[in-house]
Structures are given as C-alpha cells and as structure tokens.
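Q: sequence and predicted structure below; questions after.
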Amino acid sequence: MSSVLRAICPLLFLLAASRPVSAELMPADSAPLEFHGFRAGATLAELQTLLQALDGGRLRCERAKADRRVSECRATVTDVELGERVNLWVSAIDSVASVITLSSSVSAGQLDRWRRTIERRYGRVDATVQGSQWMMQWVRQGRMLRLTWRIERGEKVASVSLVDGRVLDAWGRDRRQPASRTR
C-alpha cells in the first residue's frame with residue numbers, strides 16, 4: 001500500500017462514518033423552491049411562457065460581453081396575486097436561470113401575503129435583520145429562496161430572490177477549466 005493511500009484511508013473511513021443516512025432512505029423534496037411559478041433552474045423559454053400566461057409580457061435579454069453564455073434579462077410583471085407591478089430580473093447561463101429576482105414596492109398586506117405564500121409551502125423561518133433590511137431564507141437541494149424587505153424613501157420595498165447554486169457551480173467549474181490546446 002502506498003504512503004498516500006495509507007494517509008487517505010483513515011480520512012475516507014471518517015468521512016464514510018460521518019455521512020448522513022443514504023439519500024435513498026431520505027424522503028424526496030417534493031416542493032422545489034419557487035415563487036408564483038418562478039424558479040431558478042428554469043430555462044428562459046419556460047420563463048417566457050410563464051410571463052405570457054401571467055400578463056403577456058416579454059423578457060428582454062442582453063448577452064454579457066465578457067462571457068457570451070451569460071444573459072441578463074428583464075421584464076415587468078403585472079399580476080393581481082403578485083401585486084400590481086413587479087420588476088423581474090433574470091441572470092441566465094446557457095439560457096438557464098441561475099438567479100431570478102422579483103422586486104416591488106409593497107403594502108404591509110402584500111408583504112404578508114408574499115411571506116405567508118412562501119411559509120405555507122416551505123415552513124416558517126426566523127427573520128434576520130442587517131441594518132435597515134430584513135431577510136428570511138430557505139434552502140433546498142442546492143437552491144435558495146430569499147425574501148427581503150426594507151423601507152426606502154418612505155415606501156416598503158420587497159424582493160424575492162431565487163438562486164440555483166448548481167447552475168452557478170457548473171458555470172464556475174467551466175470557467176476554471178484551462179483552455180484546451182491544439183498540438
């Protein structure tokens with residue numbers, strides 16, 4: 001047995017012993033993180049279909065100059081359940097949404113509806129405060145949903161951000177790969 005293998009074996013044993021119960025034995029997460037049909041990991045085509053169904057709006061996208069696989073998209077959503085006029089921002093990598101943010105000025109009642117909608121589906125979490133901003137966060141299977149709110153120029157502004165860590169991680173790995181060389 002090589003010295004490297006002898007050094008690694010105890011570490012592998014410790015990792016195996018500390019591993020949680022097998023994924024097959026754990027119940028599947030039946031509620032992927034989403035908000036009013038918006039979910040990180042959706043394709044731009046899926047998001048466009050959702051916008052068409054909500055209010056007929058269109059995503060306006062621009063490709064990044066530094067990395068042509070990255071698109072920044074915007075739209076405005078007018079939906080009664082969301083509350084009047086909501087700004088939508090999407091960062092997509094290879095046409096897959098890595099970060100989605102819905103943001104709007106909201107009444108206290110509207111913020112409570114957003115919070116209750118999320119809590120009914122994903123459970124209650126404590127709100128944390130940093131400076132003048134409040135935040136609640138849920139994480140599932142490499143994805144995150146965050147509800148934030150603050151007072152800005154006398155109005156309550158709230159946003160829901162959805163992040164797909166798997167999409168961002170894959171993009172980060174791709175960016176670190178050295179360019180292949182031709183011989």
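A: Okay, I see it.

Q: could you tell me how many residues sit around Asp169?
A: Other residues near Asp169 come to 12 when the count uses other Cβ atoms under 10 Å. Bear in mind the C-beta positions are built from the backbone N, C-alpha and C, glycine included.

Q: got it, and Trp149?
A: Trp149 has 21 nearby residues by other Cβ under 10 Å.

Q: what pairs with the helix or strand hosting it, and is each one parallel or antiparallel?
A: Using DSSP states H and E, the element containing Trp149 is strand 143-152. Strand 143-152 pairs in its sheet with strand 133-140 (antiparallel), strand 155-164 (antiparallel), by DSSP bridges.

Q: please point out which parts of that strand sit buried.
A: Residues of strand 143-152 classed as buried by neighbour count (16 or more other Cβ atoms under 10 Å): 143-150.

Q: likewise for stretch 36-52?
A: Buried-residue list, stretch 36-52, by 16+ other Cβ under 10 Å: 36, 38-42, 44, 46-48, 50-51.

Q: how about these in a markdown table, adding distance to Gly57, pLDDT and secondary structure?
A: Formatted as a markdown table, the buried residues of stretch 36-52 follow (distance: Cβ to Cβ, whole Å; pLDDT from 0 to 100; DSSP: H, G, I helix; E, B strand; the rest coil):
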| residue | distance to Gly57 | pLDDT | secondary structure |
| --- | --- | --- | --- |
| His36 | 13 | 92 | coil |
| Phe38 | 13 | 95 | strand |
| Arg39 | 17 | 92 | coil |
| Ala40 | 19 | 90 | coil |
| Gly41 | 21 | 91 | coil |
| Ala42 | 15 | 93 | coil |
| Leu44 | 13 | 96 | helix |
| Glu46 | 14 | 95 | helix |
| Leu47 | 10 | 95 | helix |
| Gln48 | 9 | 95 | helix |
| Leu50 | 10 | 94 | helix |
| Leu51 | 4 | 93 | helix |
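
Q: check contacts around Leu147.
A: Contact partners of Leu147, counting by Cβ atoms under 8 Å, 6 or more residues apart in numbering, are 114-115, 118, 135-137, 158-160.

Q: buried members of these into PyMOL, please.
A: The following PyMOL line selects those of the contacts of Leu147 that are buried, judged by 16+ other Cβ under 10 Å:
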select buried, resi 114+115+118+135+136+158+159+160
